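Student: Mind looking at a prediction? Sequence and model below.
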Amino acid sequence: MNWTAMNALLDDRLEDSQGEFGDALRLRTINAEQITLCSLIPQELRKDYLTEITVIKDNLSLTSGKVLMTAAVLGKEALFGLKGIVSVKDHSGKYCDKMNLFSSDVIDNPYLSPTHNQPGYDVFQNYIYVLPLTITAIDVFHLKVPEDISGSVNCELNSALHPILIDLTAAAILRDTERAEKSKQLIEEAILKISKLN
């Protein structure tokens, strides 16, 4: 949805026929609320509703089984930092299992230790660690921070999330006004809509 359409919907949700809340405030708020909305999507639904902001950085070289997880390395800033990693794949084709590579259960048990046929990864202190060390390159799938909406940039979130984004934006704008009760109502409506996603 483009900014003009979203702004018209915000007029309705804010009941702002007088233009009390300017475009700059609305744009700043809607862009911040994109992150809020993404954080409210349950983990099990992210693969269905956040695919539009899932990106891949392929053929990342590992050094001693790890790679730094920065925007410069991944090509885009990872949404939620370490929690924004969707999956990791050995560049030669096998997906890595997410596991606690620093756990004594994994380290001391040969049945749980990652192998070339069943590699593992962990994310710790801004690094992605991959075992076994014979893996030299990985592909990383991660959620990126959504681009800011503007007059020339449309909302890149799934279209099913746009009405929820409008509710959250209106709620954030109204939160510190005399219409704080309306803000609470809009948040409740947004959360109800999220719970109905399947």
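Tutor: Right, received. Where do you want to start? Predicted model, so just to flag it, every value in this text is computed and none were measured. Residues are numbered from 1 along each chain as shown.

Student: okay, CA-based contacts and neighbour counts for the rest of this
Tutor: Will do.

Student: hang on, Glu147 packs against Glu156?
Tutor: Yes: assessed by CA atoms under 8 Å, Glu147 is found in contact with Glu156 at 7.3 Å.

Student: now the helices for this structure?
Tutor: Counting by DSSP state H, the chain has helices at residues 3-14, 23-40, 43-49, 71-74, 104-108, 162-174, 180-195.

Student: Any chance you could list what contacts the lowest-mean-pLDDT helix or strand in the chain?
Tutor: The helix or strand of the chain with the poorest confidence is helix 104-108; it has a mean of 77 (mean pLDDT, DSSP states H and E). Contacts made with helix 104-108 from outside it, assessed by CA atoms under 8 Å, 6 or more residues apart in numbering, are listed as 100-101, 112-113.

Student: which ones are touching Leu50?
Tutor: 38, 143, 157-158.

Student: Next, count neighbours for Ser195.
Tutor: 12 (other CA atoms under 10 Å).

Student: Ok, Met1 next?
Tutor: Using other CA under 10 Å: Met1 sits among 14 other residues.

Student: Gly120 too?
Tutor: 25.

Student: how much space between it and Gly65?
Tutor: Computed as CA to CA, to the nearest Å, the Gly120 to Gly65 distance reads 11 Å.

Student: Overlap in contacts, these two.
Tutor: By CA under 8 Å, 6+ apart, Gly120 and Gly65 have these common neighbours: 130-132.

Student: who wins for most neighbours among the contacts of Leu50?
Tutor: Note: the member of the contacts of Leu50 with the most neighbours is Leu143, at 25 neighbours, neighbours being other CA under 10 Å.

Student: Which residue, other than its chain neighbours, is closest to it?
Tutor: Closest residue in space to Leu143, ignoring its immediate chain neighbours: Thr54 at 4.4 Å, by CA to CA, 6 or more residues apart in numbering.

Student: For burial, what's the neighbour tally of that neighbour?
Tutor: Counted with other CA under 10 Å, the neighbours of Thr54 add up to 20.

Student: ok, now which ones touch it?
Tutor: 141-144.

Student: could I get the residues you listed as JSON lines with distance to Leu74 and pLDDT?
Tutor: Written out in JSON lines, the entries for the contacts of Thr54 read as follows (distance: CA to CA, whole Å; pLDDT from 0 to 100):
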{"residue": "Phe141", "distance to Leu74": "9", "pLDDT": "95"}
{"residue": "His142", "distance to Leu74": "9", "pLDDT": "95"}
{"residue": "Leu143", "distance to Leu74": "11", "pLDDT": "94"}
{"residue": "Lys144", "distance to Leu74": "9", "pLDDT": "94"}
